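here are the coordinates; sequence isn't available:
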């Protein structure tokens, strides 16, 4: 073992410990914001571990996507969990025993699988440019999957926004979308003066 | 065979020098942005130049204001995180021979770093436990969704044209024509994104004065100083990343490469900050629709044009 691989090993274990500890902190802290960003730190450490496995592109993408996702998720967490923004402490766990049992069982099953299953020997060598290899896999052999997943994801986003928004373009532009937009948008009533249906 | 650890240690002084230079460059760029903002607001040039040091001296002596049950940890992380993000962005920029943090994925790293600003500004607004801060934080996330997608697709265009995600390779690929010239939509979308993550100009609603400075509300003393410096630094860092992406990197007559990179970054920072100072701040909903329904499709179209040109040219 050379010295630099020792450094990489130490950094990898450091990332792994940070990822697990901050993952556990999600259930220890008493605020939605702290729980969400503890999860974000955990994911960033996971990205760091991927970087150390020389999967640079996957590593940086994990960091990028997870920070973005947690920033948005914090908003949803606060919104749906009914935590008022006055930073009132609230517990981050519910159904305590069931959840603990389920997670322990899952951990033991997955962990024992990882440890007990005989790992295959490496055949062949990794591509010199793993980023390009990943791009080729996605855009060539798995293109059909990506093309199917894309519209499904967009549809999910559009439906999610349409269901959760309180104001739509119909509130600003009228029922036939032909009126001058009001600025600021009207609240609680339609352009033509009628009360909007309750949501 | 040499000892790799000794190799690393031998490179340490050079790396330390590079880090100091990067920090210095961020400070100069942030100051340039501040001076330019002052000039745009109608102050004389000497007064604008003295503004940042005077404000720094004033805020360093100011006491800390606290609010009831503020989440101090998240609040401070949000505020003190902005400036380091700008330093890391600058470290990605190839100056002269190499960048402080060179790599084959510079474009993606720049994107990842500007996304970190999402978290930081929201935490800044949340942590203060004040209504104004909270409004600012939520406004920022809404705007972030609006500017980030055009910004991401704008980053795609130079990467396609250069067939690389390495900022140095992207810069070198523009020897004949700057990308800003033949992909202007991507350049504009990128600059809008820079204004977005620097929370300035038309996209300054999250720190709007009508909500008592929004995400900046309740900040005082050194905490306010680092946030203000951080916003200026982010504008400078965004402009510096645009140099290898769109402005030909270090190419230019007579002067050495490194000087051209710094010069271009300074000029773009000054121009951007001046424009940010002259343009009115728009309300969130006035921006969301143009950003999503006009700018985003235009940028995707720009990517298509670039991709078609690259494929047909090769």
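That came through fine. Predicted, not measured: the structure shown is a model, and the values here were computed from it.

distance of residue A:45 relative to chain B?
Noted for residue A:45: a distance of 14 Å to chain B, by Cβ to the nearest Cβ, to the nearest Å. The way it works is simple: take the backbone N, C-alpha and C, and place the C-beta from them, glycine included.

that residue: helix or strand, and which one exactly?
Element membership for residue A:45 (DSSP states H and E) is helix A:32-52.

buried ones in the helix or strand of chain A with the lowest mean pLDDT, by neighbour count?
When each helix and strand of chain A is scored by mean pLDDT, DSSP states H and E, helix A:169-173 comes last, with a mean of 74. Buried residues in helix A:169-173, defined by neighbour count with 16 or more other Cβ atoms under 10 Å in any protein chain shown: A:171-173.

what of stretch B:115-131?
B:115-130.

per-residue pLDDT, the residue nearest the centre of chain A?
Centroid-nearest residue in chain A: residue A:69, 4.5 Å away (criterion: Cα atoms, centre = their mean). In this model, residue A:69 is scored at 92, pLDDT.

likewise residue A:194?
48.

name the SS class of residue 133, please.
In the absence of a named chain, chain A is used. Under DSSP: H, G, I helix; E, B strand; the rest coil, residue A:133 falls in the helix class.

distance of it relative to residue A:125?
To residue A:125, residue A:133 is 11 Å away according to Cβ to Cβ, to the nearest Å.

okay, those two: which has more neighbours?
Taking neighbours as other Cβ atoms under 10 Å in any protein chain shown, residue A:133 and residue A:125 compare with residue A:133 leading, 13 against 6.

what sits against that one?
Applying Cβ atoms under 8 Å, 6 or more residues apart in numbering or on different chains, we find residue A:133 in contact with A:126-127.

ok, now how distant is it from chain B?
Taking Cβ to the nearest Cβ, one finds residue A:133 at 13 Å from chain B.

residue 56: neighbour count?
Assuming you mean chain A. Residue A:56 is flanked by 19 other residues according to other Cβ under 10 Å.

right idea, wrong chain: chain B
Applying other Cβ under 10 Å, we find 15 residues neighbouring residue B:56.

near chain A, which residues of the stretch 101-250 of chain B are found?
Within reach of chain A by Cβ under 8 Å from any Cβ of the partner chain, the stretch 101-250 of chain B has these residues: B:103-105, B:108-109, B:111-112, B:115-116, B:118-119, B:122-123, B:126-127, B:129, B:134, B:138, B:141, B:144-145, B:148, B:165.

which of those fall in strands?
For those, not one is inside strands, with DSSP state E as the criterion.

my guess is residue B:18 meets residue B:100, correct?
Yes. With contact defined as Cβ atoms under 8 Å, residue B:18 and residue B:100 form a contacting pair (4.3 Å).

so between those two, which is more surrounded?
residue B:100 (20 against 17).

wasn't that one part of a strand?
No. Under three-state DSSP, residue B:100 sits outside any strand and is assigned coil.

give the buried residues for the longest helix seen in chain B.
With secondary structure taken from DSSP state H, chain B has its longest helix at helix B:4-40. Neighbour counts over helix B:4-40 (16+ other Cβ under 10 Å) mark B:18, B:22-23, B:25-40 as buried.

helices or strands up against the helix or strand just after it?
Helices and strands here follow DSSP H and E; after helix B:4-40, the next one along the chain is helix B:45-61. In terms of contacts (3 or more Cβ pairs under 8 Å, 6 or more residues apart in numbering or on different chains; DSSP states H and E), helix B:45-61 is packed against helix B:4-40, helix B:221-246.

ok so, going back, name the residues that touch the helix or strand following the helix holding residue A:45?
Where DSSP H and E defines the elements, the next helix or strand beyond helix A:32-52 is helix A:56-80. For helix A:56-80, contacts defined as Cβ under 8 Å, 6+ apart pick out A:32-33, A:35-37, A:39-40, A:43-44, A:46-51, A:53, A:83, A:85, A:130-131, A:134, B:103-105, B:108-109, B:111-112, B:115-116, B:118-119, B:122, B:126, B:138, B:141, B:144-145, B:148.

redo that, cut-off 7 Å
The contact list for helix A:56-80 (Cβ atoms under 7 Å, 6 or more residues apart in numbering or on different chains) reads A:32-33, A:36-37, A:39-40, A:43-44, A:46-48, A:50-51, A:85, A:130-131, A:134, B:105, B:108-109, B:111-112, B:115-116, B:118-119, B:122, B:138, B:141.

are any of these buried, and if so which?
A:32-33, A:36-37, A:39-40, A:43-44, A:46-48, A:50-51, A:85, A:131, B:105, B:108-109, B:111-112, B:115-116, B:118-119, B:122, B:138, B:141.

sticking with the closest residue to residue B:183 other than its chain neighbours, tell me its helix or strand.
The shortest distance from residue B:183 to any non-neighbouring residue, by Cβ to Cβ, 6 or more residues apart in numbering or on different chains, is to residue B:157 (4.7 Å). Using DSSP H and E, the element containing residue B:157 is helix B:131-162.

next, the angle from that helix to helix A:56-80.
Going by axes from the mean of the first three to the mean of the last three Cα atoms, to 10 degrees, helix B:131-162 is angled at 150 degrees with respect to helix A:56-80.

heading C-terminal from helix B:131-162, find the next helix or strand.
Using DSSP H and E, the first helix or strand after helix B:131-162 is helix B:167-172.

list the buried residues in that following helix.
B:167-172.

and the residues you listed, which is closest to residue B:234?
If you rank these by distance to residue B:234 using Cβ to Cβ, residue B:167 comes first, at 17.5 Å.

wait, the closest one touches residue B:92, no?
Yes. Using Cβ atoms under 7 Å, residue B:167 makes contact with residue B:92 at a distance of 6.1 Å.

and the helix holding residue B:157, what does it pack onto?
If contacts are counted by 3 or more Cβ pairs under 7 Å, 6 or more residues apart in numbering or on different chains; DSSP states H and E, helix B:131-162 sits against helix A:56-80, helix B:106-127, helix B:167-172, helix B:184-197, helix B:284-290, helix B:296-313.

circling back: ok, which of the buried residues of helix A:169-173 also contact chain B?
Checking the buried residues of helix A:169-173 against chain B by Cβ under 7 Å from any Cβ of the partner chain, not one of them is in range.

want to throw those into TSV with distance to residue A:119?
Below are those laid out as TSV (distance: Cβ to Cβ, whole Å):
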residue	distance to residue A:119
A:171	58
A:172	58
A:173	60
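
nearest to residue B:79 among the residues you listed?
Looking across the buried residues of helix A:169-173 and measuring by Cβ to Cβ, the closest to residue B:79 is residue A:172, at 35.7 Å.
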